[in-house]
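> Just the structure for this:
(2 chains)
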Amino acid sequence: MPVVAAAFQYGLKPEVVADGIWVVRGADDAILMGNGGAIANVTILDTADGAVLVDAGPSLRYGTELTALAKKLTGKPVARVYLTHLHPDHTYGDAAFQPPQIAGTPALIAELKSEGPGFSDGMYRLLGDWMRGTELHIPGHVIATPSETIGGRTLRLLALAGHSGADLAIYDEATRTLIAGDLVFHDRAPSTPHADLPHWRTSLDTLKGLGQLRVIPGHGPIDSTPHAAIDQTRDWIDWIDMALTDAIQAGLDPVEAGEIAIPPRFTAMKAARYELQRSVSHFYPGLEERSLPLVGKRA
Amino acid sequence: MKTLSILLAGLSAFSATAGAALPKDQLGSPMFGYVGKQVFGENAVVRFDPRVKVDFPKIAENQRSFPVQVDARGIPDVMRIVIFADMNPIQQSIDFTLANAEPFIATRIKLDQRTPVRGAVQLKDGSWLVSGGWIDAAGGGCSAPPVSRVKGDWAQHLGESRGRLWESAGAARIMLSFRHPMDTGFVDNIPAYYLEQIKVTSSGGSAIGTVHMQASVAEDPVLTLMPKIKPGESVSFDGRDTNGIEYAGTLTAATVNAAVQGAGR
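Sure, this is the predicted structure:
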């Protein structure tokens, strides 16, 4: 019995980022039974009014453990949970919190209402008992200002897009730390199921100029430089864009497009082949429609 | 006694080559015996052969549209290629009868659950060579409504086809795509409705091959074939769907549109 119980504990371990700010690192992998879906980075900030979380992990179990960890680190209960974007590895742990605690931009709230519950079947199928009791909560705190101050800590809230239709990035003024959500990946290949690459590039330009000392990416290790991870994310999405455009121009079918060589500069990047094959699925139909000439209509 | 044992040996040798039973499935699928009989028929000679290269992505990112490629160019005398997935409610998706074409086809299929995905080739002597692998997939590829039915625009684009011919020495290739809902008949009260046959011919008049499809081919079907054509020839296709609507067009080695946009939507 204890063995079974232990099998469904995440054992969350915080890494110190700067003064009063920690990150719980996700596994730099796909959502798998073995990692319980804990693949995204989650940030914990200390304020006088309580702990502030950025993202909530994949499940009720995760959100519950996260609450305990935040209490242990800050000595206070959770005051607010910011959700960066709709993907379930970041949001489903919000089941452990009440809607008034959970904050989102209006655009994200709209996406969570329409698409959020749809991830449930897939998450339960992949993760089984890890997901027990998990039900996505829709944020009750609507972000309406460009910054919010909680217990003396001022957070700039940047409502952007590109990785998804609504991406929130958060800049902690006290430590000059950028909490980038999935607009930035680091040494873990970016995922593109809801990506709009031109918007993503624009958002990366914005993030580059905020004056940060370091970046907490949505996935992968903390970047202790102002923009190495931002540049790497941009390099990857530019490569995906160019490589898949070339692939369709060369007549490759999507199986072959998913097997093209990945440039050596991305060798250290985790899940690169996996994300390339996912991106082929996301982008190939549109590329075909744009690059194959119309050759026939219904008679 | 000696005569009898020779006779018996002869009989057993006969039954082995006639292959009354399918070989033991390398993939351990509970459905292989049943599906194998449907695809190959009774008494077919069937062997597993890794030279039938069945290739697909490691992840079924979209269970409504899963890319599969079958490449049997290392095998002489291939007459026919079929693609099937044991656990799909419509197991067979593609049946390609080759004429002047390399034994190669790529398309996208629906997946209804974790399943073996297989390619099989039939040789001139009537025997079959099979290969394939398992892929994990979420449910619903065959039983979810087509995107164009949900959007409601399927009829506006029905039958629009796009395609291109690539000529390169000894290995020409065509890619051909159609807008079609490929209704399986398993959704709401919409009956099965799909593109069922595409015949491909060179401009010189020689047959390249005929592809028969089932509704387990993904919505907006795409085919990649390798026709054997002469330099300068183009390729024509004509086909029909299950409502008798006909589709036709010609693929040329078109000059590429200078302004091809990137992958960004």
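> Would you mark the buried spots in stretch B:162-172?
Judged by neighbour count using 16 or more other CB atoms under 10 Å in any protein chain shown, the buried positions of stretch B:162-172 are B:162-167, B:172. Yep, even glycine has a C-beta here, placed from its N, CA and C like the rest.
> now the helices for the stretch 51-200 of chain B?
For the stretch 51-200 of chain B, helices defined by DSSP state H, counting those that start in this stretch occupy the ranges B:147-151, B:154-157.
> Make TSV out of these and add mean neighbour count, mean pLDDT and distance to B:Gly126.
What follows is those, written out as TSV (neighbours: other CB atoms under 10 Å in any protein chain shown; pLDDT from 0 to 100; distance: least, CB to CB, whole Å):
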stretch	mean neighbour count	mean pLDDT	distance to B:Gly126
helix B:147-151	15	74	40
helix B:154-157	14	85	40
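> Would you reformat these as JSON lines and include distance to B:Ile135?
Rendered in JSON lines, the data for these read as follows (distance: least, CB to CB, whole Å):
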{"stretch": "helix B:147-151", "distance to B:Ile135": "21"}
{"stretch": "helix B:154-157", "distance to B:Ile135": "27"}
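> Cross the buried residues of stretch B:162-172 against strands and list the overlap.
Under the assignment DSSP state E, the buried residues of stretch B:162-172 contribute B:162-166 to strands.
> from the buried residues of stretch B:162-172, which has minimum pLDDT?
For those, the model is least confident at B:Glu167; its pLDDT is 89.
> is the closest residue to A:His141 other than its chain neighbours in a bridge, and if so with what?
Spatially, and ignoring its direct neighbours in sequence, A:His141 is nearest to A:Ala103 (4.0 Å; CB to CB, 6 or more residues apart in numbering or on different chains). Note on A:Ala103: beta-bridge partners by DSSP bridges are A:Tyr82, A:His141.
> I'd like the distance between A:Ala103 and chain B.
Taken as CB to the nearest CB, to the nearest Å, the spacing of A:Ala103 relative to chain B amounts to 28 Å.
> Tell me what the residue of the stretch 101-250 of chain B found nearest chain A is bridged to.
At 2.7 Å from chain A, B:Gly249 is the closest residue in the stretch 101-250 of chain B, using CB to the nearest CB. B:Gly249 has the following beta-bridge partners by DSSP bridges: B:Phe237.
> in chain A, which spans are strands?
Taking DSSP E as the criterion, chain A carries its strands at A:14-18, A:21-24, A:42-47, A:50-54, A:78-82, A:102-104, A:141-142, A:147-150, A:153-160, A:167-172, A:177-179, A:214-216, A:294-296.
> Least reliable of these by average pLDDT, please.
Out of these, strand A:294-296 stands lowest, with a mean of 90 (criterion: mean pLDDT).
> What residues sit buried inside it?
Buried residues in strand A:294-296, defined by neighbour count with 16+ other CB under 10 Å: A:295-296.
> helices and strands around that strand, which ones?
In this structure, strand A:294-296 makes packing contacts with strand B:161-166, strand B:246-251, judged by 3 or more CB pairs under 8 Å, 6 or more residues apart in numbering or on different chains; DSSP states H and E.
> Can you give the contact residues for that strand?
Taking contacts as CB atoms under 8 Å, 6 or more residues apart in numbering or on different chains, the residues outside strand A:294-296 that touch it are B:159-164, B:176, B:237, B:247-251.
> farthest-separated two in those residues?
The two members of the contacts of strand A:294-296 with the most space between them (CB to CB) are B:Gly159 and B:Arg164, at 17.8 Å.
> Ends of stretch A:33-45, what's the gap?
End-to-end distance of stretch A:33-45 (CA to CA, to the nearest Å): 29 Å.
> quick one: is that stretch near chain B?
No - contact between stretch A:33-45 and chain B is absent, the nearest approach being 11.4 Å (criterion: CB under 8 Å from any CB of the partner chain).
> Tell me the buried residues in that stretch?
Residues of stretch A:33-45 classed as buried under the neighbour-count rule (16+ other CB under 10 Å) are A:35-45.
> Take these and write them to JSON lines, including distance to A:Lys113.
Conversion of the buried residues of stretch A:33-45 to JSON lines gives the following (distance: CB to CB, whole Å):
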{"residue": "A:Asn35", "distance to A:Lys113": "28"}
{"residue": "A:Gly36", "distance to A:Lys113": "26"}
{"residue": "A:Gly37", "distance to A:Lys113": "22"}
{"residue": "A:Ala38", "distance to A:Lys113": "25"}
{"residue": "A:Ile39", "distance to A:Lys113": "24"}
{"residue": "A:Ala40", "distance to A:Lys113": "21"}
{"residue": "A:Asn41", "distance to A:Lys113": "25"}
{"residue": "A:Val42", "distance to A:Lys113": "23"}
{"residue": "A:Thr43", "distance to A:Lys113": "25"}
{"residue": "A:Ile44", "distance to A:Lys113": "27"}
{"residue": "A:Leu45", "distance to A:Lys113": "27"}
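> Can you verify my assumption that A:Asp19 contacts A:Ala174?
Yes - the pair formed by A:Asp19 and A:Ala174 meets the contact definition of CB atoms under 8 Å, at 7.1 Å.
> And the two? Which one has more around it.
In this comparison of A:Asp19 against A:Ala174, neighbours counted by other CB atoms under 10 Å in any protein chain shown, the higher total goes to A:Ala174 at 16 against 10.
> what separates the more buried one from A:Ala180, distance-wise?
17 Å (CB to CB, to the nearest Å).
> Check the gap between B:Gln156 and B:Ser148 for me.
Taking CB to CB as the criterion, B:Gln156 is separated from B:Ser148 by 9 Å.
> for the most centrally placed residue in chain B, what are its contacts?
The centre of chain B sits closest to B:Ile94, judged by CA atoms, centre = their mean, with a distance of 2.9 Å. B:Ile94 is in contact with B:81-83, B:105, B:107, B:109, B:211-214, B:217, counting by CB under 8 Å, 6+ apart.
> again, only using 10 Å
By CB atoms under 10 Å, 6 or more residues apart in numbering or on different chains, B:Ile94 lies in contact with B:68, B:70, B:81-84, B:105-107, B:109, B:119, B:211-214, B:216-217, B:221, B:223.
> which among the residues you listed end up buried?
In the contacts of B:Ile94, burial by neighbour count holds for B:68, B:70, B:81-84, B:105-107, B:109, B:119, B:211-214, B:216-217, B:221, B:223, counting by 16+ other CB under 10 Å.
> if you average pLDDT over stretch B:84-99, what comes out?
The predicted model assigns stretch B:84-99 a mean pLDDT of 97.
> again with stretch B:40-47
For stretch B:40-47, the per-residue pLDDT values average out at 94.
> got the CA positions of it in CSV?
Listed next in CSV are the C-alpha coordinates belonging to stretch B:40-47 (Å, rounded to 0.1, in the frame of the first residue of the first chain):
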residue,chain,number,x,y,z
PHE,B,40,-5.3,-11.3,-47.8
GLY,B,41,-8.2,-13.6,-48.3
GLU,B,42,-8.3,-17.3,-47.5
ASN,B,43,-5.3,-19.5,-48.2
ALA,B,44,-3.0,-16.6,-49.0
VAL,B,45,0.7,-17.0,-48.7
VAL,B,46,1.8,-14.4,-46.2
ARG,B,47,5.2,-13.7,-44.8
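> which parts of that stretch are buried?
Taking 16+ other CB under 10 Å as the neighbour-count basis, stretch B:40-47 is seen to contain the buried residues B:40, B:44-46.
> and what of stretch A:103-110?
Taking 16+ other CB under 10 Å as the neighbour-count basis, stretch A:103-110 is seen to contain the buried residues A:103-105, A:107-109.
> what's the answer for stretch A:26-35, then?
By neighbour count on 16+ other CB under 10 Å, the buried set for stretch A:26-35 is A:26-28, A:30-31, A:35.
> For those, work out which two are farthest apart.
The span of the buried residues of stretch A:26-35, defined through CB to CB, is set by A:Asp28 and A:Ile31 at 12.0 Å.
> Perfect, that will be all.
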